[in-house]
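Trainee: Turn this into a structure:
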Amino acid sequence: MSQRINQADLYAVLARINHATGNKEEAWTKQADGTHKANVGTYVLDWAYGGVRLSQLTNAGGGERDITGRATKRETYHRMHAFLSGLEGGR
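Mentor: Next up is the predicted model:
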């Protein structure tokens, strides 16, 4: 029987990806004027339509680029591990 993949599992891999790439773990930073600015380069999980995907923030307004494509938690978990392996192997 396979282990159930939950949000905590995905967020743990996400933290490893952001650490491996030298990015902040927090997607947004509160500015002195009270507004929020996206941390460009940070990887985030995008939850919608019953699925999840790994994305990367591309601009201060929160624009994202798709990394893994939207899938189930289990499929995204495996894709994120493959992505992390590629990052670590490229060092």
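
Trainee: Surely A82 forms part of a helix?
Mentor: Yes - A82 sits within a helix when classified using DSSP: H, G, I helix; E, B strand; the rest coil.

Trainee: Pull the contacting residues for the spatially most central residue of the chain.
Mentor: Note on the chain: the residue nearest the mean C-alpha position is V44, at 2.9 Å, using Cα atoms, centre = their mean. When contacts are counted by Cβ atoms under 8 Å, 6 or more residues apart in numbering, V44 is found next to 14, 27, 54-57, 64. To be clear about C-beta, it is placed using only N, CA and C from the backbone, and glycine gets the same treatment.

Trainee: So it versus A32, what's the distance?
Mentor: Separation of V44 from A32 (Cβ to Cβ, to the nearest Å) stands at 23 Å.

Trainee: So K73 is in contact with V52, correct?
Mentor: Yes - here K73 lies in contact with V52, judged by Cβ atoms under 8 Å, at a distance of 5.9 Å.

Trainee: Could you identify which of the contacts of V44 has the most neighbours?
Mentor: Sorting these by how many neighbours each has (other Cβ atoms under 10 Å) puts L54 first, at 25 neighbours.

Trainee: where does the chain dip in pLDDT?
Mentor: 1, 91 (pLDDT under 70).

Trainee: any idea where the strands of it begin and end?
Mentor: Secondary structure of the chain (DSSP state E): strands at 28-30, 36-38, 43-48, 51-57, 64-66.

Trainee: Just checking: what are the partner strands of the third one?
Mentor: Pointing back at strand 43-48 there. For strand 43-48, the pairing partners within the sheet under DSSP bridges are strand 51-57 (antiparallel).
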